[in-house]
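Asks: Kindly generate the corresponding structure for this input.
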Amino acid sequence: MQQRVLTSRLDLQVAGTSQLVLCVAVAEGVPLASEQLRITADGVPVLPTEVMDDHGTRLHVLEVGAGRVIVDYEAVVTGLAEPAPVTPADRIRYLRPSRYCESDSLGPTAFAEFAGLTGLNLLRAVVSWVNGHLRYVEGSSLPTDSAVRTLLTRQGVCRDFSHLSIALLRALNVPARLVAVYAPGLTPMEYHAVCEALIDDAWWVVDATQLAPRQSLVRVATGRDAADTAFLTSFGAGVELTGLDVTAVASDFTLDDSVALTQLR
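Replies: Below is the predicted model of the structure:
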């Protein structure tokens, strides 16, 4: 049975009173052998409130004042989660254009590049096309970059690859969404983002970066795009991320040929 060991550490400098919304814990339904979330504000332990978002996304909300906040998360995942269910709302929500996935603007490009393709052949073609047209360049994109700007610059990081894949698929009437994951085997190691596409009544995970085996990914958050899945959101005074350390290790790996159908488990 595959075991995955996950850790993350956020080091934050908060300028004043602020509400922090953390999304670092694995999603509900992921089989856990152990889990611990520790948060301190200037060395004093803080207990967050857990809020459940769509698709089992677990948010941890806390109020802090000015000073240094450290967030440590550890989890040991043993076994596999059940495949993600498909709801009638999914079929509507994940066809709509969204903040970072302008499928309406990219419709002409999608139709020109993938005319005549459907189903799994379309899914594979879109992922291959995105992989071939973008360069992975660490630190190359802005937090506000969307699929259209990514296509124009032809470079980005994992969220940019996923946003472009999602937008092209939605433009061709395939529901698609972004999933934030822990990714054993990822290089460079970071929080990771991939795409899930709804084909033949099931969600299939694809990753146009091809930087980590999909079979070992662990779901954290699921949504329309990065606006729904950010590992940190703040309201109030300014918050600076001064340190970030993520690790994800799996007991065994399946060699990922990027073609085989895989569900996020």
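
Asks: What segments of the stretch 101-250 of the chain are strands?
Replies: 135-136, 155-156, 176-182, 192-199, 202-206, 218-223, 232-236, 239-250 (DSSP state E, counting those that start in this stretch).

Asks: Next, the buried residues of the fourth one.
Replies: It refers to strand 192-199. By neighbour count with 16 or more other CB atoms under 10 Å, strand 192-199 contains the buried residues 192, 193, 194, 195, 196, 197, 198, 199. (C-beta placed from N, C-alpha, C; glycine too.)

Asks: Nearest the middle, which residue of this protein would you pick?
Replies: residue 180 (1.8 Å; CA atoms, centre = their mean).

Asks: Please give me every residue in contact with that residue.
Replies: Contact analysis of residue 180 by CB atoms under 8 Å, 6 or more residues apart in numbering lists 23, 191, 192, 193, 219, 220, 221, 222, 229, 230, 231.

Asks: how near is it to residue 66?
Replies: Look at residue 180 and residue 66: by CB to CB, to the nearest Å, they are 28 Å apart.

Asks: Adding distance to residue 97 and pLDDT, write the buried residues of strand 192-199 out as TSV.
Replies: Putting the buried residues of strand 192-199 into TSV (distance: CB to CB, whole Å; pLDDT from 0 to 100) gives the following:
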residue	distance to residue 97	pLDDT
192	24	97
193	18	98
194	20	98
195	15	98
196	17	98
197	16	98
198	16	98
199	20	96
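
Asks: for these, which one is nearest residue 82?
Replies: residue 196 (14.4 Å; CB to CB).

Asks: That closest one pairs with what?
Replies: residue 177, residue 205 (DSSP bridges).

Asks: That one against residue 205, yeah?
Replies: Yes - between residue 196 and residue 205 there is a contact under CB atoms under 8 Å: 5.3 Å.

Asks: sorry, back to before: list just the one of the strands of the stretch 101-250 of the chain that sits closest to residue 3.
Replies: strand 239-250 (7.3 Å).

Asks: Name the residues of the closest one that are buried.
Replies: Buried, per 16+ other CB under 10 Å, within strand 239-250: 239, 246, 248, 250.

Asks: Among the residues you listed, which pair sits farthest apart?
Replies: Largest pairwise distance in the buried residues of strand 239-250, by CB to CB, is 31.6 Å, between 239 and 250.

Asks: What is the neighbour count of residue 73?
Replies: Residue 73 has 22 neighbouring residues, counting by other CB atoms under 10 Å.

Asks: That one in helix, strand or coil?
Replies: Secondary structure assignment for residue 73 (DSSP: H, G, I helix; E, B strand; the rest coil): strand.

Asks: That one contacts residue 23, doesn't it?
Replies: No - if you go by CB under 8 Å, residue 73 and residue 23 don't touch, sitting 10.4 Å apart.

Asks: Take the buried residues of strand 239-250 and write them to TSV, including pLDDT and distance to residue 100.
Replies: Output for the buried residues of strand 239-250, formatted as TSV (pLDDT from 0 to 100; distance: CB to CB, whole Å):
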residue	pLDDT	distance to residue 100
239	96	21
246	98	21
248	97	24
250	93	29
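
Asks: Nearest to residue 40, out of these: which one, please.
Replies: Nearest to residue 40 among the buried residues of strand 239-250: residue 239, at 15.2 Å, using CB to CB.

Asks: circling back: could you point out which of the contacts of residue 180 is nearest to residue 262?
Replies: Residue 262 lies nearest to residue 219 out of the contacts of residue 180, by CB to CB, at 12.8 Å.
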